[in-house]
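Asks: Structure, please.
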Amino acid sequence: MLDVRRLHLLRELDRRGTIAAVAEALSFTASAVSQQLSVLEREAGVPLLERSGRRVVLTPAGRTLVTHADAVLERLERAVSELAGAREGIGGPLRIGTFPSGGPAIVPAALAELALRHPALEPMVREIDSARVSDGLRAGELDVALVHDYDFVPASPDTTVDQVPLLEEPVYLATGGAAGPAAPGGTLVDLLGPWATSPWITAREGTTGYAMAVRACQAAGFQPRVRHQVNDFRTVLALAAIGQGAGFVPEMATAHAPDGVVLTRLPLFRRSKVAFRAGGGTHPAIAAFVAAARTAVHTRSGDVSSGA
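Replies: Sure, this is the predicted structure:
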């Protein structure tokens, strides 16, 4: 009989790439992870891992087993959700991840809605980049999370995570007032081209916001000369207003733009979603958070101060 906990370790090795990364994520020692995977190989009766230089990679049989592990763990998540639905009331801890700009714009209103409708819930919010949410959900560090993706940076397919849509918003170019806004409705070349030789303000390297900025500029025919890297949209707007460069901000961040900044709507969009472990969408606490987040989006214009 294959042990579910060991299947989980194999799946994490497939996603994270190294035994050390699996051990760190799940609070094990590397030797303990190696031992458990060796036991799983004996249970399976075929080699699941092989050495490739200093790394361990999955064999074809190992990758096949990961596919089955995904299905088994999703089924278990559904079972947990159904059992939770059989209990009276919704309560207990709910670990919520959010990208930075979701914090002030969506999360407080969503938590207020949860407190009103489900006072026994204990929400705990943690700021996290969207690129790391899947790891956090699989490791059990998060139960549910706000995530986003941009045009030019679509979310990578992940069978371990389910998502439901929350909001789609346009992205704006933020610049100083000297040149004035470009004519609406133009292409990226038309709208970004005049700023090709200007300094740029982007999110920190390694974030989805940074990747979007670079790829959007490349689509307009140039490589941006990045001067500032900040993840706070208020700072992006303030720097743009004083002529320190051009930057990108989503619509939610434009509510309180400072004097001197010019905002030009671009043919680019950011899509926000709610993510949770595959099979967990019917869990009462997660369903309650999804409903609360949708209420927050529909009833609040949002005052976004940060995020990338």
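
Asks: Give me the residue ranges of the stretch 101-250 of the chain where confidence is low.
Replies: 177-185 (pLDDT under 70).

Asks: Contact partners for the residue most central in space within the chain?
Replies: The centre of the chain sits closest to S130, judged by CA atoms, centre = their mean, with a distance of 1.8 Å. The contact partners of S130, taken as CB atoms under 8 Å, 6 or more residues apart in numbering, are F99, V147, H148, D149, A155, T208. All C-beta atoms are positioned from the backbone trio N, CA, C, and that covers glycine.

Asks: Now the closest residue to it other than its chain neighbours: which helix or strand?
Replies: Computed as CB to CB, 6 or more residues apart in numbering, the closest residue to S130 that is not its neighbour in sequence is V147, at 4.3 Å. In this structure, V147 sits in strand 144-150 according to DSSP states H and E.

Asks: by contact count, what packs against the very next helix or strand once past that strand?
Replies: Going down the chain from strand 144-150, the next helix or strand is strand 161-176, by DSSP H and E. Using 3 or more CB pairs under 8 Å, 6 or more residues apart in numbering; DSSP states H and E, the elements in contact with strand 161-176 are helix 133-138, strand 144-150, helix 233-241, strand 246-250, strand 261-277, helix 284-299.

Asks: wait, which of those is closest to A196?
Replies: Nearest to A196, of all these, is strand 246-250, at 9.6 Å by CB to CB.

Asks: quick one: that closest one to chain centroid distance?
Replies: Centroid separation for strand 246-250 versus its chain: 19 Å, with CA atoms, centre = their mean, to the nearest Å.

Asks: What count of nearby residues applies to G97?
Replies: 24 (other CB atoms under 10 Å).

Asks: doesn't I128 make contact with it?
Replies: Yes: counting by CB atoms under 8 Å, G97 touches I128, with 4.4 Å between them.

Asks: So for these two, which residues contact both of them?
Replies: Counting by CB under 8 Å, 6+ apart, the residues touching both G97 and I128 are G136, L142, A145.

Asks: and those as JSON lines, adding distance to T254 and neighbour count?
Replies: Shown next, in JSON lines, are those (distance: CB to CB, whole Å; neighbours: other CB atoms under 10 Å):
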{"residue": "G136", "distance to T254": "29", "neighbour count": "19"}
{"residue": "L142", "distance to T254": "29", "neighbour count": "24"}
{"residue": "A145", "distance to T254": "24", "neighbour count": "28"}
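
Asks: which one of those is nearest L167?
Replies: Using CB to CB, the shared contacts of G97 and I128 come closest to L167 at A145, 14.4 Å.

Asks: Need the contact partners of stretch 285-301.
Replies: With CB under 8 Å, 6+ apart, stretch 285-301 has contacts from 81, 84, 90, 92, 94, 96, 105-111, 113-114, 117-118, 121, 123, 143-144, 146, 164, 166-167, 255, 272, 274, 276, 280-281.

Asks: what's the closest of the shared contacts of G97 and I128 to R15?
Replies: Nearest member of the shared contacts of G97 and I128 to R15, counting by CB to CB, is G136, at 11.9 Å.

Asks: Pull the contacting residues for that closest one.
Replies: G97, R126, I128, L142, A145 are the contacts of G136 under CB under 8 Å, 6+ apart.

Asks: In this structure the fourth one contacts L94, no?
Replies: This points to L142. No: judged on CB under 8 Å, L142 makes no contact with L94 at a distance of 9.6 Å.

Asks: didn't L48 look like it was pressed against Q36?
Replies: No: using CB under 8 Å, L48 is not in contact with Q36; the gap is 11.6 Å.

Asks: Between those two, tell me which one has more neighbours.
Replies: L48 (25 against 18).

Asks: so how far is T29 from the closest residue to the more buried one other than its chain neighbours?
Replies: Spatial nearest neighbour of L48, excluding adjacent residues (CB to CB, 6+ apart): G62 at 3.7 Å. Here the distance between G62 and T29 works out to 21 Å (CB to CB, to the nearest Å).

Asks: Those two - which one has more neighbours?
Replies: When G62 and T29 are compared for neighbours, G62 comes out ahead with 22 against 12, by other CB under 10 Å.

Asks: What is the helix or strand containing the more buried one packed up against?
Replies: Assigned by DSSP H and E, G62 belongs to helix 60-86. Helix 60-86 makes packing contacts with helix 4-16, helix 284-299 when contacts are defined by 3+ CB pairs under 8 Å, 6+ apart.

Asks: now the angle between strand 261-277 and that helix, please.
Replies: Angle, helix 60-86 to strand 261-277, by axes from the mean of the first three to the mean of the last three CA atoms, to 10 degrees: 90 degrees.

Asks: Beyond helix 60-86, next helix or strand please.
Replies: As assigned by DSSP H and E, the chain's next helix or strand after helix 60-86 is strand 92-98.

Asks: got the contact list for the spatially closest residue to A120 that is not a sequence neighbour?
Replies: Leaving aside its sequence neighbours, A120 sits nearest to G91 (CB to CB, 6+ apart; 3.1 Å). Counting by CB under 8 Å, 6+ apart, G91 touches H118, A120, L121, E122.
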